[in-house]
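could you work out the structure for the sequence below:
(one chain, ligands or ions: 1)
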Amino acid sequence: MANHLQAPLTINPKPNRTKEGQEVEEEASLLARRLSNSAAFPMVLKAALELGVIDTMATVDDCLWLSPSEIALRLPTKPIEQPGSSSFARQDASVSHQLFAQPVCKFLLNNSDVSGSFASLFMLDLSDVFIKTWTHLKDVILEGRDAFSSAHGMKLFDYIQTDERFGKVFNRAMLESSTMVMEKVLKFYEGFKDVKTLVDVGGGLGNTLGLITSKQARPVAEAHEARALGHQSPYFRAGTASKYPHLIGINFDLAPVLANAHSYPGVNNVAGDMFIKIPKGDAIFM
Ligand SMILES: C[S@@+](CC[C@H](N)C(=O)[O-])C[C@H]1O[C@@H](n2cnc3c(N)ncnc32)[C@H](O)[C@@H]1O
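As a prediction, this is how the structure comes out:
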């Protein structure tokens, strides 16, 4: 049997040492330099989100530029060394940076109503649980099992049942990002008009179906958070009439997930395991 490692390699001619060749090499070297530091950017952004830097910058008036110490003064988390005294002032004096929030910041706010930000998805990807998972990616090739199981000794959805705090981070990330996507889908997609029973397999907290059956309803994260905020149901805004009043949604997920699910008009939560059986419907999506 042929050894695939002995298969002939594709040969690309090396650029010769002309001026152009040297420029290509210079650029390649700079790219490698950037790649070698590429882990820093997401970690710096994570720190900025945790400190409230993005929210702080985004909530000042448009077009207002802030210096680093002006941002630090406005942070909800206060540094031990107060700005204005020593190193902050020195840094501000030596660095003439003035900063303002780029449009992307609007979609990375911690304090958005839960349907307008990817911050929670970003924080999930860089949570301790996922960071440990990323470090096991190569095991997919070496051991032939998924990176999450390799890192944590069990599948992701089994792990979620053992770690309530992580479960909340996961559910919020799913809820926020899928709400943003479904709100856009509903603006243009007309395919639900002939559907009577729509099944969402692995529907999570039920927000996706809730958006379809109750137009303009917006969920407030977890049901218990909604109650703490004084809402009887997980809607922030009063819903207008549904675009699909005839439609019944079946939100199908694992029983422990449905224990935290919201209750939406026209949506029934049904517990089960998709690998065993899923409910019948005219249309089914995941
Ligand atoms: C990536 S999340 C998506 C959640 C939701 N659809 C959303 O967009 O917010 C996948 C969902 O599948 C569910 N799930 C995983 N394994 C399942 C199974 N065997 N049977 C039913 N649901 C399952 C999880 O509990 C989780 O809610």
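
residues in contact with the residue of the stretch 101-250 of the chain found nearest the ligand?
Distance from the ligand to each residue of the stretch 101-250 of the chain (C-beta to the nearest ligand atom) is smallest for residue 202, at 2.6 Å. Any C-beta I mention is one placed from the backbone N, CA and C, and that applies to glycine too. By C-beta atoms under 8 Å, 6 or more residues apart in numbering, residue 202 lies in contact with 252-253, 274, 286.

ok, now residue 123?
So residue 123 contacts 46, 49, 169, 173 (C-beta under 8 Å, 6+ apart).

repeat that with 7 Å
Shown in contact with residue 123 (C-beta atoms under 7 Å, 6 or more residues apart in numbering): 46, 49, 169.

what's the pLDDT at the nearest residue to the first one once chain neighbours are set aside?
Pointing back at residue 46 there. Nearest non-adjacent residue to residue 46, counting by C-beta to C-beta, 6 or more residues apart in numbering: residue 126, 4.8 Å away. Predicted confidence (pLDDT) at residue 126: the value is 97.

now residue 186
Per-residue confidence (pLDDT) for residue 186: 88.

touching, it and residue 213? I think so.
No. If you go by C-beta atoms under 7 Å, residue 186 and residue 213 don't touch, sitting 10.9 Å apart.

next secondary structure element downstream of the least confident helix or strand in the chain by mean pLDDT?
Lowest mean confidence among the helices and strands of the chain (mean pLDDT, DSSP states H and E): helix 223-228, at a mean of 47. The helix or strand immediately downstream of helix 223-228 is strand 248-253, counting by DSSP states H and E.

pull the CA atoms of that following strand into CSV?
What follows is strand 248-253, C-alpha atoms only, in CSV (Å, rounded to 0.1, in the frame of the first residue of the first chain):
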residue,chain,number,x,y,z
ILE,A,248,-47.4,26.9,15.9
GLY,A,249,-43.8,26.6,16.9
ILE,A,250,-42.3,23.5,18.6
ASN,A,251,-39.1,24.4,20.5
PHE,A,252,-37.3,21.0,20.8
ASP,A,253,-34.3,20.7,23.1
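
chain center to that strand: distance?
How far strand 248-253 lies from its chain's middle: 23 Å, per C-alpha atoms, centre = their mean, to the nearest Å.

same question, stretch 132-150
The answer for stretch 132-150 is 21 Å, by C-alpha atoms, centre = their mean.

does that stretch reach the ligand?
No. On the criterion C-beta under 6 Å from any ligand atom, stretch 132-150 is out of touch with the ligand, staying 12.2 Å away.

got a list of contacts for that stretch?
Contacts for stretch 132-150 (C-beta under 7 Å, 6+ apart): 151, 155-156.

near the ligand, which residues of the stretch 51-200 of the chain?
157, 174-175, 178.

follow-up on the earlier one: out of the contacts of stretch 132-150, which are buried?
Buried members of the contacts of stretch 132-150, counted by 16 or more other C-beta atoms under 10 Å: 151, 156.

need the contacts of stretch 132-150 in TSV (columns: secondary structure, pLDDT and distance to residue 32).
Below are these laid out as TSV (DSSP: H, G, I helix; E, B strand; the rest coil; pLDDT from 0 to 100; distance: C-beta to C-beta, whole Å):
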residue	secondary structure	pLDDT	distance to residue 32
151	helix	97	28
155	coil	95	36
156	helix	97	33
